[in-house]
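>>> Show me the folded form of this:
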Amino acid sequence: MADKKVIRTIGVLTSGGDAPGMNAAIRSVVRTALGKGLKVRGIRRGYQGLLNEEIIDLSARDVSDTIERGGTILQTARCAEMRTEEGQQKAAAICKKYGIDGLVVIGGDGSFAGAQKLANFGINTIGLPGTIDLDIACTEYTIGFDTAVNTAMQAIDKVRDTSTSHERCSIIEVMGRDAGYLALWCGIANGAEKILMPEEHDYDEEKIIEDIQESRKRGKKNYIIINAEGVGDSMNMAKRIEEATGMETRATILGHMQRGGSPTCKDRVYASIMGAKAVDLLLEGKTNRVVGYKHGEYVDFDIDEALGMTKKIPDYQYEIAKQLAL
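Have a look, this model is predicted:
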C-alpha cells in the first residue's frame, strides 16, 4: 500500500455516459484536494483524453459555478483502446509523466474496469459511481439517477395530461438498456398501468391488449405503459396495440433528455460527499477502491469485489408496482 507522502497530485476524469451531478463530484475532488495542499489535474474526454494527453491544471476558480450544471465540464467519451493491455500501459505511463499519483474515475462498471487496470500498473485509483441507470451492484445510489428519474417523471406527467384529453394509450420509453430501475421508479411514481423492463423479456402483449380493452369498458380515459430502452420497439408496439384495441396509441421516447438538466439537491450533495471521500481514501494510501452508499453510510469496496457483484430489481418493489396498477 502506498505511503501518504506519495500523493502530491490527483487527477480526475469522467468516463462513459454523462450523468447530472458529475460536476458536483469534480468540484468536490478539486476543492478537497486543494484544501489539503495537493495539486489537481483534470483529464478531458475520459480515458480517450488521457491517452491523447488532454490534461489541464484545475484551480478552485475553475470549478466555481459548476455544481448546478448538468453534464460534465471535463466531457466524456468511450475508449476502445483502454480495453487493450497496450492502451492500459500507455495510460499509466501518461499518468506518471504528468505526476498524477492518484486518479479519481467517475463513471460506471466499464470505467471501473479501466481504473482496475491502472491500479495494476501502479496508479492509485478510486472510482465514483456515476450513471443514471442505478445499475452498479455495490451501491444503493449512483450519481445522476435521482435527477434522471425526476426528469422522466415530470415528462410522463405531461404525457398523461394529453393522453387523458385524447383518451389514448401512451407508451413512454425511458432509458435503461440493461437495467429497469428508471422504468420501475417511474412506473410507481407516475401510476403506470404497465411497466416493461429488460429483466423481464417475456412480457405478454396479448394480456396487455386484454387489459386495455377491459379498462376501456370500465370507462378509463387513458392507459400508460412505461417501457425500458432495453425492451424497446415502442413505435411498433404502439401500432400493434392500436390495431388490436382500436384505441389511439402513441409512443414517446424520452431519450437523452434524461441525461441532462440541473442536478437535484440529492445528486449535488451525495456526489460532493463521494468526491471528498475519494480524496481522503487516496491520502490514506488506498487504491483500487470504489466509493458506494449502503444503509445510509458512505463506504468503499475493492474494485475487483465490486465488479464481481450482481444486482437485480427487488421483487418486493416490482410486486408493489403491479398491485398499485390495479
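
>>> residue ranges with poor pLDDT in the stretch 1-150 of the chain?
The model of the stretch 1-150 of the chain has pLDDT under 70 over residues 1-5.

>>> And the helices in this protein?
For the chain, applying DSSP state H gives helices covering 22-35, 46-51, 85-97, 109-120, 145-166, 181-189, 205-217, 234-245, 265-283, 303-308, 315-325.

>>> okay, those in CSV with mean neighbour count and distance to His295 next?
The way it works is simple: take the backbone N, C-alpha and C, and place the C-beta from them, glycine included. Listed next are those as CSV, based on neighbours: other CB atoms under 10 Å; distance: least, CB to CB, whole Å:
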stretch, mean neighbour count, distance to His295
helix 22-35, 25, 21
helix 46-51, 24, 31
helix 85-97, 16, 34
helix 109-120, 22, 21
helix 145-166, 19, 17
helix 181-189, 25, 18
helix 205-217, 14, 37
helix 234-245, 16, 36
helix 265-283, 22, 14
helix 303-308, 17, 16
helix 315-325, 13, 17
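
>>> mind checking which of those helices is nearest Ile226?
Nearest of those to Ile226, taken as CB to CB: helix 181-189 at 4.5 Å.

>>> That closest one packs against which elements?
Helix 181-189 sits against helix 145-166, strand 169-174, strand 194-196, strand 223-228, helix 315-325, with contacts defined as 3 or more CB pairs under 8 Å, 6 or more residues apart in numbering; DSSP states H and E.

>>> Compute the inter-axis angle for the last one and helix 181-189.
So the one you mean is helix 315-325. 40 degrees (axes from the mean of the first three to the mean of the last three CA atoms, to 10 degrees).

>>> who wins for proximity to Ile10 among the helices of the chain?
For those, proximity to Ile10 was assessed by CB to CB; helix 22-35 is nearest, at 4.8 Å.

>>> Alpha carbons of the closest one, as PDB, please.
C-alpha atoms of helix 22-35 as PDB (Å, rounded to 0.1, in the frame of the first residue of the first chain):
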ATOM      1  CA  MET A  22     -20.700  14.700 -12.100                       C
ATOM      2  CA  ASN A  23     -19.800  18.300 -11.900                       C
ATOM      3  CA  ALA A  24     -20.500  18.400  -8.200                       C
ATOM      4  CA  ALA A  25     -18.200  15.400  -7.800                       C
ATOM      5  CA  ILE A  26     -15.400  17.000  -9.900                       C
ATOM      6  CA  ARG A  27     -15.800  20.300  -7.900                       C
ATOM      7  CA  SER A  28     -15.600  18.300  -4.600                       C
ATOM      8  CA  VAL A  29     -12.500  16.400  -5.700                       C
ATOM      9  CA  VAL A  30     -10.800  19.700  -6.800                       C
ATOM     10  CA  ARG A  31     -11.600  21.700  -3.700                       C
ATOM     11  CA  THR A  32     -11.000  19.000  -1.200                       C
ATOM     12  CA  ALA A  33      -7.600  18.200  -2.700                       C
ATOM     13  CA  LEU A  34      -6.500  21.800  -2.900                       C
ATOM     14  CA  GLY A  35      -7.600  22.300   0.700                       C
END
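
>>> Give me the contacts around it.
With contact meaning CB atoms under 8 Å, 6 or more residues apart in numbering, helix 22-35 is reached by 10, 12, 14, 39-40, 42, 58-60, 62-63, 66-67, 69-74, 104, 106, 128, 130, 143-144, 263, 267-269, 271-276, 278-280.
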